[in-house]
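Visitor: After the sequence you'll find the predicted model.
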Amino acid sequence: MTVTRLATKRDDAPVLVTGGCGFLGCNIAATLASRGRSVVAADNLSRAGARINAGWLRRRFGNLVEIAVVDVRDRAAVDDLVGGAAAVLHLAGQVAVTTSLDEPVEDFEINAGGTLNVLEAVRRHNPAAPVIFASTNKVYGRLLDGGAVHRVDGRYAPDEGRFAAGVSEDAPLDFHSPYGCSKGAADQYVHDYARVHGLRTVVLRMSCIYGPRQFGTEDQGWIAHFLLQALRGQPITIYGDGYQVRDALYVGDAVNAWLGTLDAIETTRGQVFNLGGGPASSLSLRELLDWIEALHGARPDVRMDAWRPGDQPWYVSDVRKLSRAIGWTPSTPLREGLRALDDWLSAGPAQPDAAARLQEAQA
C-alpha cells in the first residue's frame, strides 16, 4: 500500500501520530494542532469512526493536520513517514481481544509487526525522534483470579492491601489472549530498543480511556458503548457478572499525559509507565449502569453472558510513577467526564441516522 497524502508539505517537521484518526489519536492530533504544531495523522481508516474523525480534523485545522492513508504493515510507507517526523506517537493497532481470537495472525502482524516496522524505521532513518507507544493493561494478564478478589458495594476489590494504589509497573507480565501477546511483544520491543539501540522510546500501558470522538463498540471502548446502547434503547451484554472494575481516564487528561511525556522525553526515555484514572476514577460495570439509570431515568436492558478469555475481574492503574516523572495527575472527575461523553454522544453518534452515516463514511 502506498501513502496517500491529503495535504501539502510544510517546511517544519511534523509530529507523526499513527492511528491519528482513531479516538485517542485524533484528540492528540487536535491538541497539537491547536498549539500550532504541524501533524501527520497516519491511519488506514479501517476503524469505526476513523473517516469521520479524519474529516473533523481536516475541517477544523486545514493543512496544519495532514492525513496519510497508510497501514503500519507497509514498511516502505512507514519509512517514508517516519523519516521526516519530529516525533512518533504510535497508537495504530488492532485493539480488540475478540478480534485477536478470530484473527490471531492479522492481530500479530498489525500490533507486533507494525510496531517493529515503526521502530526499525526510526532506528534506520530518524534515530533522534522520540517514540511513544500505546501499550495496554492487558500485558498484565488476568492479574487477579476470582479467588483473589471479594465483592463489596457492587464491585470487586482485591484481597491484598498492596493493590490499594493500583497495579504498578513492577507487576509481572502475563500475556493472556492473542491480543495480550501481540501488544505485549510490541511493548517489550519498544522498551528494548531504548536499551539496545539507544532510541528515545517510552511505553504507556493504558487503562480505559473515554471521552468525545469515541465510537465505542462491544469489543473496544466499553464506556462509550454502554452509553451509546442506552441512548439508542438497545440491549447491553455483560460478559461475566458485572462486578469487574476498571479505572477510567478522561481523554483530555490522557492527551496531557502523552504530550507531557513527549515534552519531558529526556526524563521519560527508556521507561514504562501506567496511564489510567487510578483508584479515584475506578468503577464497575454495574456502577456505570447505575449512573446511566440515574442520568436518563431508565435502566438499560442488560443481558448476561460468560466471561471472555483474558477478562480481568479487577484492574486499577497505579499512576504515581508517571505523576512523579512529569508532574501529571488526572484532573477530570469521573462524573464530569462521563457527562461530557454522554453529551457528545447524544448530540451526534446516538442520533437515529448516525449508524447510516457511519456506514456510509466507512464505505
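Guide: Received the coordinates, thanks.
Visitor: need the contact list for Pro309.
Guide: By CB atoms under 8 Å, 6 or more residues apart in numbering, the contact list for Pro309 reads Val97, Leu101, His176, Ser177. In short, each C-beta sits where N, CA and C put it, glycine included.
Visitor: Sitting in helices, which of those do you find?
Guide: Val97, Leu101 (DSSP state H).
Visitor: Please save the CA atoms from stretch 12-23 in PDB.
Guide: The C-alpha atoms that make up stretch 12-23 are tabulated as PDB, following Å, rounded to 0.1, in the frame of the first residue of the first chain:
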ATOM      1  CA  ASP A  12       8.500  22.400   9.700                       C
ATOM      2  CA  ALA A  13       9.000  18.800  10.800                       C
ATOM      3  CA  PRO A  14       5.600  17.400  11.900                       C
ATOM      4  CA  VAL A  15       4.700  15.100  14.700                       C
ATOM      5  CA  LEU A  16       3.700  11.700  13.300                       C
ATOM      6  CA  VAL A  17       0.600  10.200  15.000                       C
ATOM      7  CA  THR A  18       0.000   6.700  13.800                       C
ATOM      8  CA  GLY A  19      -3.700   5.800  14.400                       C
ATOM      9  CA  GLY A  20      -4.200   9.500  14.200                       C
ATOM     10  CA  CYS A  21      -7.800   9.200  13.100                       C
ATOM     11  CA  GLY A  22      -8.700   6.900  16.000                       C
ATOM     12  CA  PHE A  23     -10.300   8.100  19.200                       C
END
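Visitor: tell me which residues in that stretch are buried?
Guide: Within stretch 12-23, the residues scored as buried using 16 or more other CB atoms under 10 Å are Pro14, Val15, Leu16, Val17, Thr18, Gly19, Gly20, Cys21, Gly22, Phe23.
Visitor: Keep only those of the residues you listed that are in helices.
Guide: Phe23.
Visitor: okay if I get the buried residues of stretch 12-23 as JSON lines plus pLDDT?
Guide: Shown next, in JSON lines, are the buried residues of stretch 12-23 (pLDDT from 0 to 100):
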{"residue": "Pro14", "pLDDT": "97"}
{"residue": "Val15", "pLDDT": "98"}
{"residue": "Leu16", "pLDDT": "98"}
{"residue": "Val17", "pLDDT": "98"}
{"residue": "Thr18", "pLDDT": "98"}
{"residue": "Gly19", "pLDDT": "97"}
{"residue": "Gly20", "pLDDT": "97"}
{"residue": "Cys21", "pLDDT": "97"}
{"residue": "Gly22", "pLDDT": "96"}
{"residue": "Phe23", "pLDDT": "96"}
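Visitor: Among the buried residues of stretch 12-23, which one lies nearest to Arg335?
Guide: Each of the buried residues of stretch 12-23 was checked against Arg335 using CB to CB; the closest is Phe23, at 20.4 Å.
Visitor: Nearest to Arg303 among the buried residues of stretch 12-23?
Guide: Taking CB to CB as the measure, Arg303 lies nearest Phe23 of the buried residues of stretch 12-23, at 25.4 Å.
Visitor: chain center to the helix or strand Ala254 falls within, what's the gap?
Guide: Element membership of Ala254 [criterion: DSSP states H and E] is helix 251-263. Helix 251-263 has its C-alpha centroid displaced from the chain centroid by 12 Å (CA atoms, centre = their mean, to the nearest Å).
Visitor: same question, stretch 261-278
Guide: 15 Å.
Visitor: Using PDB, write out every CA atom in that stretch.
Guide: The C-alpha coordinates for stretch 261-278 follow below in PDB (Å, rounded to 0.1, in the frame of the first residue of the first chain):
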ATOM      1  CA  THR A 261       5.700  12.500  28.300                       C
ATOM      2  CA  LEU A 262       6.900  13.900  25.000                       C
ATOM      3  CA  ASP A 263       7.900  17.200  26.400                       C
ATOM      4  CA  ALA A 264       9.900  15.500  29.100                       C
ATOM      5  CA  ILE A 265      11.500  12.900  26.800                       C
ATOM      6  CA  GLU A 266      15.000  13.200  28.300                       C
ATOM      7  CA  THR A 267      13.500  12.200  31.600                       C
ATOM      8  CA  THR A 268      10.900   9.700  30.400                       C
ATOM      9  CA  ARG A 269      13.000   7.900  27.700                       C
ATOM     10  CA  GLY A 270      13.600   4.200  28.200                       C
ATOM     11  CA  GLN A 271      10.800   3.900  30.700                       C
ATOM     12  CA  VAL A 272       7.500   2.200  31.100                       C
ATOM     13  CA  PHE A 273       4.500   4.000  32.700                       C
ATOM     14  CA  ASN A 274       0.900   3.000  33.500                       C
ATOM     15  CA  LEU A 275      -1.600   5.500  32.300                       C
ATOM     16  CA  GLY A 276      -5.100   5.500  33.700                       C
ATOM     17  CA  GLY A 277      -7.500   7.200  36.100                       C
ATOM     18  CA  GLY A 278      -6.200   5.500  39.200                       C
END
